[in-house]
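In: Below are the sequence and a predicted model for it; my questions follow.
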Amino acid sequence: MASNDDDDDGLQKRVRCVLLVLSGKGGVGKSSVSAQLALSFLSLGKKVGLLDADLCGPSVPLMIGAHGKNVQRGPNGWLPVRAGPSSSLSLMSVAFLLSNKDDAIVWRGPKKTALIKQFLSDVQWGDLDILIVDTPPGTSDEHLAVLEGLRGHPVCSALLVTTPQAVSVGDVRRELTFCRKTGTKVLGIVENMSGFVCPHCAECTNIFSQGGGESLAKECDIRFLGRVPLDPSLALTLDKDRDFSCAATEGPAEAALHHIAEILLQEMNEDAKVAQTS
Ligand SMILES: Nc1ncnc2c1ncn2[C@@H]1O[C@H](COP(=O)(O)OP(=O)(O)OP(=O)(O)O)[C@@H](O)[C@H]1O
Ligand code: SF4
């Protein structure tokens, strides 16, 4: 495999901050949060990359309107697929390597590990302010491969996503232990699908218990970044191949995630400044 002309430390030098998106359980909206945060960072004027490291369930391309695209090879490695508004997002996913997009990935750990490392070493990410990595649920070989591929990156932090009903101290503690053992800073926890926003009157009804994410954050001594409501307009937008050519109104879930993106950006900027001076 051709190596990247950015040298082995290309990512360390050319990507200012890395944000890992983690969750203890599947289906809590980790990919949705990753995709929406990427779009919010872009709208805040940042250069953004998004790596879909969920090899067995690559859902990000559909959410970003890049379903069916194939990756191109440049002289020095893979070129990320350009997606999102004005093709401003650099995106990489195993889905872009499959000839049949419905193929199932049934690979053992070493093959998955090798591909993840390749995504970090052989993709020409270029200069980025933020690389978001959407990881599979739990803590697996893929997570270790991501961290090995990013080893020594000065600003690599994580965000935990949970839902009110999936809130389990055990799950989140496992994620936190993983982050602590690997020296990954945790920026905070997001409670997704927190209350249902009525599409008729915009009233928010708490279907499940509320506040679990916040009390969990307190208990685990991490920052609570906010609640994102269960918003049918977001689900409709994410679950079809998204079209950025028509103007869309921002729903309540998108607005909540945009606010979270602003907080994260501030945190990562501060960490990047500290890393520069140390
Ligand atoms: N705030 C929300 N409001 C409405 N629908 C949402 C919201 N967040 C996520 N969804 C929907 O929930 C479903 C699961 O979301 P998503 O694929 O992001 O979860 P995930 O945690 O990445 O799952 P997995 O880890 O199993 O791949 C999707 O259909 C998505 O559109
Ligand atoms: S919240 Fe109000 S408008 Fe919405 S479905 Fe319920 S009763 Fe109807």
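Out: Arrived safely. Ligands and ions are numbered 1, 2, ... in the order given.

In: Return the distance of Leu236 relative to ligand 1.
Out: Distance from Leu236 to ligand 1, counting by CB to the nearest ligand atom, to the nearest Å: 8 Å. Backbone N, C-alpha and C define where each C-beta goes, glycine included.

In: Run through the neighbouring helices and strands of the strand or helix carrying Ile263.
Out: Element membership of Ile263, judged by DSSP states H and E, is helix 252-277. Packing partners of helix 252-277 (3 or more CB pairs under 8 Å, 6 or more residues apart in numbering; DSSP states H and E): strand 15-22, helix 30-43, strand 156-162, strand 185-197, strand 224-230, helix 232-238.

In: from the chain's centre, how far out does it sit?
Out: 13 Å (CA atoms, centre = their mean, to the nearest Å).

In: Which parts of the stretch 1-150 of the chain are strands?
Out: Secondary structure of the stretch 1-150 of the chain by DSSP state E, counting those that start in this stretch: the strands cover 15-22, 48-52, 72-74, 77-79, 81-83, 89-93, 128-134.

In: Looking at the third one now, give me its mean pLDDT.
Out: Across strand 72-74, the average pLDDT comes to 87.

In: Phi and psi next, for Ala217.
Out: phi -60, psi -40 (degrees, to the nearest 10).

In: Bridged to the residue nearest to it when sequence neighbours are not counted, which residues?
Out: The shortest distance from Ala217 to any non-neighbouring residue, by CB to CB, 6 or more residues apart in numbering, is to Phe224 (3.8 Å). Beta-bridge partners recorded for Phe224 (DSSP bridges): Ile189.

In: what's the burial count for Phe224?
Out: By the criterion of other CB atoms under 10 Å, Phe224 has 16 neighbours.

In: Can you tell me how far it is from ligand 2?
Out: Phe224 is 26 Å from ligand 2, by CB to the nearest ligand atom.

In: Does that residue touch Ile189 like I think?
Out: Yes - the criterion here is CB atoms under 8 Å, and Phe224 meets it with Ile189 at 5.8 Å.

In: Need the overlap of contacts for those two.
Out: 213, 217 (CB atoms under 8 Å, 6 or more residues apart in numbering).

In: Contacts only, for the residue of the stretch 1-150 of the chain found nearest ligand 2.
Out: Using CB to the nearest ligand atom, Gly29 is the residue of the stretch 1-150 of the chain that sits closest to ligand 2, at 21.8 Å. Residues near Gly29 by CB under 8 Å, 6+ apart: 161, 163, 192-193, 228.

In: Which of the residues you listed scores worst on pLDDT?
Out: Across the contacts of Gly29, no position has a lower pLDDT than Thr163, which has 86.

In: For that one, grab the count of nearby residues.
Out: With other CB under 10 Å as criterion, Thr163 counts 21.

In: can you pull the contacts of it?
Out: Neighbours of Thr163 in contact, by CB under 8 Å, 6+ apart: 28-29, 191-194, 208.

In: and which of those residues is nearest Ser88?
Out: Using CB to CB, Gly29 comes nearest to Ser88 of the contacts of Thr163, at 23.3 Å.

In: and the closest one, how far is that from Cys17?
Out: 22 Å (CB to CB, to the nearest Å).

In: cool, Gln118 as well?
Out: Counting by CB to CB - Gln118 and Cys17 are separated by 22 Å.

In: who has more neighbours, those two?
Out: Ranked by neighbour count (other CB under 10 Å), Gln118 and Cys17 place Cys17 first, with 24 against 17.

In: residue ranges with poor pLDDT in the stretch 1-150 of the chain?
Out: 1-9, 101-106 (pLDDT under 70).

In: measure the closest residue to ligand 2 within the stretch 151-278 of the chain to Leu238 for me?
Out: Among the residues of the stretch 151-278 of the chain, Cys198 lies nearest to ligand 2; the distance is 3.1 Å by CB to the nearest ligand atom. Using CB to CB, Cys198 is found at 19 Å from Leu238.

In: Give me the more crowded residue out of those two.
Out: In terms of neighbours (other CB under 10 Å), Leu238 is the more surrounded of Cys198 and Leu238; the figures are 19 against 10.

In: can you list the residues of the stretch 1-150 of the chain near ligand 1?
Out: 23, 26-32, 54, 57, 59, 137 (CB under 6 Å from any ligand atom).

In: Any of the residues you listed buried? List them.
Out: Buried residues within these, counting neighbours by 16 or more other CB atoms under 10 Å: 23, 28-32, 54, 57, 59, 137.
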